[in-house]
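give me coordinates for this.
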Amino acid sequence: MLLMGIDIGTTNCKLHIYDQNGDYVDGAKFSMVSNAEDYDSDFVWNNLKDCIKKLATNRNLGQQIAGIGISSQGESGLLIDKNHVPLTHVIPWYHTGAQEIVEKDKEKLDSTEIYQITGLDPYYIFSLQKIRWLKEHHFSEYKNAFQWHCLNDYIGLMLTGQDRMEYSSASRTMALDIAGRRWSDRIFELTGIKKSLMPDLIESGSVLGKITSSVARELNINSEAVVTLAGFDHMVGCFGVGARCPGTVVASMGTTESVCMIEGSVELGQSFNGYLWGDNVIKDKFYKIGGIPCGGRTIDWAIENILNADVCEDTYRLYSKKCRESSTGSGGVVFLPHLNGCYTPEMNSDAKAMFTGITLNTSTADLLRAVIEGLCYEFRVVLEQGKKSGIDDILAIGGGTANHFWLQCKADVLNIPIRTVEVKEAVTFGAALLAGHAAGIYSENQNIQVKTEKTFYPDPEAHAVYEKIYQKVYKQLYATNIQITSELDKILKKGG
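Numbers count the residues shown, from 1 in each chain. All right, here's what the predicted structure looks like:
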């Protein structure tokens, strides 16, 4: 028996096959063309089919597949008609069109009420904001729409013909009543969006349906294979690395960087504090998540604009080598990594990045190291805003875990051990495990145990330096910088 996990990410779509013991068998991927204005749904579906067919045909693996789990980036989605034909391209989470909606909302919507219902601050990235933008700018498509689908449930629909949405994905729409676990009538009333656009809800790891006979023949897949909507990629990845108990903290180090905390109940507080809440892929569990909008992408930016090189494996290695040529504290240079706004200490899409402390003696190595250190300081800001104390260690997942310098710096700044596990692709592995539950291969409480690969322990001397910089310098940068950049915006955008 084999299981397939699909991870439709911002940068790449990955497909991996595992056996029922959790051992990797084969895999494929294709580029999602990240930072494009939108995604072509036909492009995603056709490339996904090509990859599935390639894997299925290899060694006749397709006939051994018992289950397929699909995970995707949160928020991104599209409108379809009654015949399941796309009416729009896929609007990605980072599409900024809905920022204008958010600005208008400040005058008429109570963000605290929205947070109390959905666990979300009304930011432009969420699916409902995308739908509102489509209604305003593409009304014909909105008027004729039958449903909105996030990427993972759209692919599930194409594979099975069944239209549902899984709870952790629904948590990223800004339309789910998180406590009641149902679509919120109040939210649709406030936003003027028709509730009928939202599919019925389904649990992660439950059976969406069997792959249709026509798709099974086309892709050479076992026609008895079941499909499950694994859910929101960050939480599927957490599940994949064994983060299933309340109190567990995970650093998800991808294009964006997130602090994920597993919770046993929802405790929103009176107002938004930098953490968003949602339904977990684990039944009767929740999550709260804070983060950095531009995590790994910040390192790519530094490679392109400081090293003046193309992003590839060789330049990632060169980056780490150059960082080691500088010293702890980056020669007095500190970086605020708000290249794409920030989520803490407040949701602010207008926040800007900055370097401070540059002199004639500053080297390229200092700048590159300062970028990594800045990401680690910002991670600490996010972690402290979550008010977690007594953390034994932090599980790290995602592509960023290949950068051992980054992991060691994070441990040194936080003074907390950072642990990686022997799972190279947490999201596809988590999706495959959830497919195994849907297929009946694993019982409800049965999961494959994940082994620790490496633990990065804090260096006391490095932490002593970072502690002073963090407390005396970094924590003051946001407030100082926001005053400066807001004045610049007035001058450049409004003529002073």
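
can you report how many residues lie near Val236?
Counted with other C-beta atoms under 10 Å, the burial measure for Val236 works out to 32 neighbours. From N, CA and C alone the C-beta is placed, and that goes for glycine too.

can you pull the pLDDT of it?
Confidence at Val236, expressed as pLDDT, is 94.

make residue 1 into 766 and carry on from there
Noted, 766 is the first residue going forward, which turns the last one into Val1001.

let's verify it: helix, strand, or coil?
When classified by DSSP: H, G, I helix; E, B strand; the rest coil, Val1001 comes out as helix.

can you pull the contacts of it?
772, 834, 836, 933, 969, 995, 1046, 1191-1192, 1195-1196, 1199 (C-beta atoms under 8 Å, 6 or more residues apart in numbering).

who are the packing partners of the longest helix along the chain?
Criterion DSSP state H: the longest helix present in the chain is helix 1129-1150. On a contact count with 3 or more C-beta pairs under 8 Å, 6 or more residues apart in numbering; DSSP states H and E, helix 1129-1150 meets strand 1022-1028, strand 1051-1057, helix 1061-1070, helix 1078-1088, strand 1099-1101, helix 1169-1179, helix 1225-1234.

could you check the angle helix 1169-1179 makes with that helix?
50 degrees (axes from the mean of the first three to the mean of the last three C-alpha atoms, to 10 degrees).

using PDB, write out every CA atom in helix 1129-1150.
Provided in PDB are the C-alpha atoms of helix 1129-1150 (Å, rounded to 0.1, in the frame of the first residue of the first chain):
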ATOM      1  CA  THR A1129      29.000  42.300   2.200                       C
ATOM      2  CA  ALA A1130      29.300  39.600   4.900                       C
ATOM      3  CA  ASP A1131      28.100  42.000   7.600                       C
ATOM      4  CA  LEU A1132      25.000  42.800   5.500                       C
ATOM      5  CA  LEU A1133      24.200  39.200   4.700                       C
ATOM      6  CA  ARG A1134      24.600  38.100   8.300                       C
ATOM      7  CA  ALA A1135      22.500  41.100   9.500                       C
ATOM      8  CA  VAL A1136      19.600  39.800   7.400                       C
ATOM      9  CA  ILE A1137      19.700  36.400   9.100                       C
ATOM     10  CA  GLU A1138      20.100  37.900  12.500                       C
ATOM     11  CA  GLY A1139      17.200  40.300  11.800                       C
ATOM     12  CA  LEU A1140      14.900  37.400  10.800                       C
ATOM     13  CA  CYS A1141      15.900  35.700  14.100                       C
ATOM     14  CA  TYR A1142      15.200  38.900  16.200                       C
ATOM     15  CA  GLU A1143      11.800  39.300  14.400                       C
ATOM     16  CA  PHE A1144      11.000  35.600  15.200                       C
ATOM     17  CA  ARG A1145      11.600  36.400  18.900                       C
ATOM     18  CA  VAL A1146       9.300  39.400  18.700                       C
ATOM     19  CA  VAL A1147       6.600  37.100  17.300                       C
ATOM     20  CA  LEU A1148       7.300  34.300  19.800                       C
ATOM     21  CA  GLU A1149       7.100  36.700  22.800                       C
ATOM     22  CA  GLN A1150       3.900  38.200  21.600                       C
END
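
where does pLDDT dip in this protein?
The chain contains residues with pLDDT under 70 at 799-800, 1153, 1259-1261.

burial of the closest residue to Ala1067 other than its chain neighbours, as a residue count?
If the residues on either side of it in the chain are set aside, Ala1067 comes closest to Val1136, at 4.7 Å by C-beta to C-beta, 6 or more residues apart in numbering. A count of nearby residues for Val1136, using other C-beta under 10 Å, gives 26.

what does Thr938 give?
The number of residues packed near Thr938 is 26, by other C-beta under 10 Å.

need the helices and strands packed on helix 1129-1150 in JSON lines with distance to Asp846 and mean neighbour count, can you?
Formatted as JSON lines, those follow (distance: least, C-beta to C-beta, whole Å; neighbours: other C-beta atoms under 10 Å):
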{"stretch": "strand 1022-1028", "distance to Asp846": "34", "mean neighbour count": "24"}
{"stretch": "strand 1051-1057", "distance to Asp846": "33", "mean neighbour count": "25"}
{"stretch": "helix 1061-1070", "distance to Asp846": "34", "mean neighbour count": "20"}
{"stretch": "helix 1078-1088", "distance to Asp846": "43", "mean neighbour count": "16"}
{"stretch": "strand 1099-1101", "distance to Asp846": "45", "mean neighbour count": "23"}
{"stretch": "helix 1169-1179", "distance to Asp846": "45", "mean neighbour count": "22"}
{"stretch": "helix 1225-1234", "distance to Asp846": "54", "mean neighbour count": "15"}
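
in a markdown table, list those along with distance to Asn985.
Formatted as a markdown table, the helices and strands packed on helix 1129-1150 follow (distance: least, C-beta to C-beta, whole Å):
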| stretch | distance to Asn985 |
| --- | --- |
| strand 1022-1028 | 36 |
| strand 1051-1057 | 37 |
| helix 1061-1070 | 35 |
| helix 1078-1088 | 32 |
| strand 1099-1101 | 50 |
| helix 1169-1179 | 40 |
| helix 1225-1234 | 53 |
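
closest to Tyr1207 out of those?
Distance to Tyr1207, taken as C-beta to C-beta, is lowest for strand 1022-1028 among the helices and strands packed on helix 1129-1150, at 19.2 Å.

helix/strand/coil for Lys1240?
Three-state assignment for Lys1240 (three-state DSSP): helix.

actually Leu994, sorry about that
Taken by three-state DSSP, the conformation at Leu994 corresponds to strand.

does the residue nearest to Ala1067 really touch Arg1062, like I thought?
No. The criterion here is C-beta atoms under 8 Å, and Val1136 misses it with Arg1062 at 11.3 Å.

over to the residue lying closest to Val1230 once chain neighbours are set aside: give its phi and psi.
Closest residue to Val1230 apart from its sequence neighbours, by C-beta to C-beta, 6+ apart: Thr1093 at 4.8 Å. Per-residue torsions, Thr1093: phi -50, psi 130 (degrees, to the nearest 10).

ditto for the one 3 residues further on
The phi/psi pair for Gly1096 (degrees, to the nearest 10) reads phi 60, psi 30.

just the one 10 residues further on next, same as before
Backbone torsions for Gly1106, taken as degrees, to the nearest 10, come to phi 80, psi -170.

having no further points to raise, I will conclude here.
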